[in-house]
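K.L.:
quick one: sequence plus predicted model below, questions after.
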Amino acid sequence: MPNTTPTPVTVRLEDYTPPPYLIDTVHLDVDIRKEGAVVTATLKCLRNRMVPAGASLVLDGEELETLAVSLDGQQLAADAYRIAGSQLVIEHVPEQFTLQTQVRIQPDKNTQLSGFYRSKNGYFTQCEPQGFRRITWFIDRPDVMARYTVTLHAEKAVFPVLLANGNPVASGDEPDGRHFATWEDPFKKPSYLFAMVAGKLDVLRDTYRTYSGREVQLAIYVEPGKLDQCAHAMAALKKSMRWDEQRFGLECDLDHYMIVAVGDFNMGAMENKGLNIFNTKYVLARADVATDVDFENIDRVVAHEYFHNWTGNRVTCRDWFQLSLKEGLTVFRDQEFGADTHSRETARIREVRGLRAVQFPEDAGPMAHPVRPSIYVEINNFYTATVYEKGAEVVRMIQTLIGWRAFRKGMDLYFERHDGQAVTCDDFVAAMSAASGFDFTQFMTWYRQSGTPKVTACGAYDGAAKRYTLTLRQSCAPTPEQPEKAPYLIPVAVGLVGPDGTDLDLGGETTRILQLTEPEQTFVFENIPVAPVPSLLRNFSAPVVLDYSYSESDLAHLLAHDSDPFNRWEAGQRLFGQLILSNAARLARGEPQDWPTSVIEAARKVLNNGSDPAFIAEALTLPSEATLAEQMDVVDPEALHDARNGLLLMLASGLEGDFARLYARLAPSGAYRPDTAEAARRRLRNLCLAYLNEFDKRNYRALARQQFEGADNMTDQFAALSTLANVVGADGEKALADFYERWQNEALVVDKWLAVQAGSRLPDTLARVQSLTRHAAFDLKNPNKVYALLRTFGANHRYFHAADGSGYRFLGEQITALDPLNPQVAARLARCFDRWKKFDDGRQAHARAVLESLRRHTGLSSDVFEVVDKALG
Ligand code: B3K
Ligand code: ZN
């Protein structure tokens, strides 16, 4: 009988104790057959000398059919060990011993996609955080690091490719058309970095010479027929290898670096040592099937997983509470890589846009948790925007506080001290502190406290004394587990912009980093000749909400002149946000919309000031409904939606001529090129097209249709489709039908087709999404399809939060259907309900009914339970 999935338990950081036993080497023999895979594990174990002798040996396992257990070559009788729930316990073991277990697993039935599972072209693994225990009995925690040797056996014709971490050391044929391959990983690693693959796959090979002259064999494995979609990922890999050498002095330590793409994958990708496994979404790209955003995302994810080889694999996490140690740091590294390889200013803008759309709501909702959580039920629920993106902001603040040179020294010291170890966030910060002399004691609040701090600023200019005084106050609203908050150390980058638009001199610098440490603090700037407009929190120097009562003309001034590109963009976002919110309030009161014409002039200046087209496009993209909703006491999603669309139409009317001219001027001058400048041109041109189609005018529809039909690349084709799919009329229907007809065999393009319909602002969106769940293109077992259709719908602010509760009920049903198949993905969908308490009583009643019925559901996974239970509070 297979042992079962575990009953939910609460795990606490304060309960951490070191493992009583360690595992030195692991030999795995995996025999893959139709009836299941038999896994024989031989573990050389020893007592951990840090822990008193006498503890029982406790191994983790889930859904394993145990066939045999032996200790030092002696088969154990059934009463010499016990299997209780998800643990195998042996009471008395020697100081050193060899444990061998044999289990059968059922990868074909593994719809959770954790552990060893079947996908279209073979078998794949996902072990982080706790999937290895679904393959064999093990001490499945990251502070147990071992050396692995793996032998795979499978039918040769069906699974010609057999891979595991490390280096190939043997392979050959076996009777009955079978074959085997043995891989040896020279590096010690935690079990979560284990990977193996058996499949029929094509491979793109290349090599990379490191700066010390070692040659690394690179390989990207994909579904047969997709080799022509791998070149970009390979180039991205080589670029990231070079960048990590140049920026951080970090060299690849492997002889073989392999990436395997799989269509069924819960997340983006996984950094298994030397054998990354990727969602196809972050590998496959060709100009006709992938957009500029896809190309850039591939760069970022390939780099991210590669960078983990040092930040995560060489130095890993002691326990899962330390997840941000590797994730926050690695996101920061991939952000910096993105900034260096694309555009630094737009990279920062997109990061902050994402942070505000996802992490700020998370931090204000029921799932709020610190960057280093202190308690969890299901660790999979903590791969969050807080751990990743806010974690990256925390690392960025460290760099801001000590400067990049000291930061680099801190990184060097971190590796010098901890290479080969499993450590904590404190160890990282201690290295930064030792390298810089900076005292991070108060700064650690960022790791401990959840919630987004609010900084309220107030400025005063004394003309006689030529003095500008800035008073900053900080506060942080209570979060579910933390009613009281201690003050943070907040780096606030400040510039003072003069009436002519130039930065005033602040004693040899134009931006000063203030350190706000008290609840309230006053900063004085001397020798300021004129009354300035303050440019606060430049480059978004801390993940806080900044409150300053800027006038509309202040904002227009900053939007036109601020030397800090982030704050130039920010000024526009504030201006648009304030206007949308005040118009939403008017609509809610039954009053008509009212837009000042000055906003058109401000936007026109941006359009025509000769900035980088990517920046202009960012500046003229309005803040999202989800971001703005956070600023409303009671969210009225209809008024918000209508007001935001009102501003789109207002800008379109005021700038119609500008948009039309720009659309024509930005027409492509040759065949598609994927580079940053061309991508920026397309981005702005497509924004013009969308604005122009805010009017119901035949000539603009025709432009969109022409672009849809004539585009030689997916960026332009899909932008035209999105425009058409969001306007009433037959053009949208036809474009959607044509698009599907053309791309139905490209899974990733079909995902776009699903998403564009689920995110649409047309009133029949829910009905359409409901019918799409029954379409041949949809598959509840495939996470990409679920994310494309269902999560996009859950993020459709207007229709998910429909007043009659229909959106809530629909998603509730889908979560119920998905949970038994894939609880991790179901729990992610359940997060769409996070903000239900911000809405009116009617909507709350509908959401509560759905959440309560979910919580009552028998057999609900601990993943979904944790999310729903917290949401109900
Ligand atoms: N480390 C993986 C995340 C795996 C999550 C499993 N639930 C991807 C990444 O951050 O690189
Ligand atoms: Zn990561």
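P.N.:
Here it is on my side, so go on. Ligands and ions are numbered 1, 2, ... in the order given.

K.L.:
ok, longest helix in this protein?
P.N.:
helix 565-588 (DSSP state H).

K.L.:
tell me the first helix or strand C-terminal of that helix.
P.N.:
helix 598-608 (DSSP states H and E).

K.L.:
who does that following helix touch, helix- and strand-wise?
P.N.:
helix 552-561, helix 565-588, helix 613-619, helix 637-654, helix 656-665 (3 or more Cβ pairs under 8 Å, 6 or more residues apart in numbering; DSSP states H and E). Every C-beta, even on glycine, is put in place using the N, C-alpha and C of the backbone.

K.L.:
give me the buried positions along that helix.
P.N.:
Using 16 or more other Cβ atoms under 10 Å as the test for burial, helix 598-608 gives 599, 600, 602, 603, 606, 607.

K.L.:
quick one: which of those is nearest residue 186?
P.N.:
Using Cβ to Cβ, residue 606 is the member of those that lies nearest residue 186, at 54.5 Å.

K.L.:
in the stretch 1-150 of the chain, what residue comes closest to ligand 2?
P.N.:
residue 128 (9.0 Å; Cβ to the ion).

K.L.:
with the stretch 351-500 of the chain instead?
P.N.:
Closest point on the stretch 351-500 of the chain to ligand 2, by Cβ to the ion, is residue 388, at 7.1 Å.

K.L.:
that residue and ligand 1: what is the separation?
P.N.:
Computed as Cβ to the nearest ligand atom, to the nearest Å, the residue 388 to ligand 1 distance reads 7 Å.

K.L.:
surely that residue and residue 329 touch.
P.N.:
No. Counting by Cβ atoms under 8 Å, residue 388 does not reach residue 329; the two are 10.3 Å apart.

K.L.:
tell me the mean pLDDT over the longest helix of the chain?
P.N.:
Helix 565-588 carries an average pLDDT of 98.

K.L.:
cool, stretch 534-545 as well?
P.N.:
98.

K.L.:
chain center to that stretch, what's the gap?
P.N.:
On the basis of Cα atoms, centre = their mean, to the nearest Å, stretch 534-545 sits 22 Å off its chain's mean C-alpha point.

K.L.:
out of residue 388 and residue 329, which sits in the busier spot?
P.N.:
Ranked by neighbour count (other Cβ atoms under 10 Å), residue 388 and residue 329 place residue 329 first, with 24 against 20.

K.L.:
the more buried one - nearest residue in space that isn't next to it in sequence?
P.N.:
Take residue 329 and drop its neighbours on the chain: the residue closest to it by Cβ to Cβ, 6 or more residues apart in numbering is residue 311, 4.7 Å away.

K.L.:
how about the residues of this structure near ligand 2?
P.N.:
327, 330 (Cβ under 5 Å from the ion).

K.L.:
sorry, back to before: mean neighbour count added to the helices and strands packed on helix 598-608, as TSV?
P.N.:
Shown next, in TSV, are the helices and strands packed on helix 598-608 (neighbours: other Cβ atoms under 10 Å):
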stretch	mean neighbour count
helix 552-561	19
helix 565-588	21
helix 613-619	23
helix 637-654	20
helix 656-665	16
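
K.L.:
between those helices, which one is nearest to residue 709?
P.N.:
Closest among these, using Cβ to Cβ: helix 656-665, at 16.3 Å.

K.L.:
tell me the buried residues in the very next helix or strand once past that closest one?
P.N.:
Later in the chain than helix 656-665, the nearest helix or strand by DSSP H and E is helix 676-692. Residues 676, 678-692 are the ones in helix 676-692 that count as buried (16+ other Cβ under 10 Å).

K.L.:
same for helix 676-692, what does it pack against?
P.N.:
helix 292-308, helix 613-619, helix 637-654, helix 656-665, helix 698-710, helix 714-725.

K.L.:
what angle separates it from helix 598-608?
P.N.:
150 degrees (axes from the mean of the first three to the mean of the last three Cα atoms, to 10 degrees).
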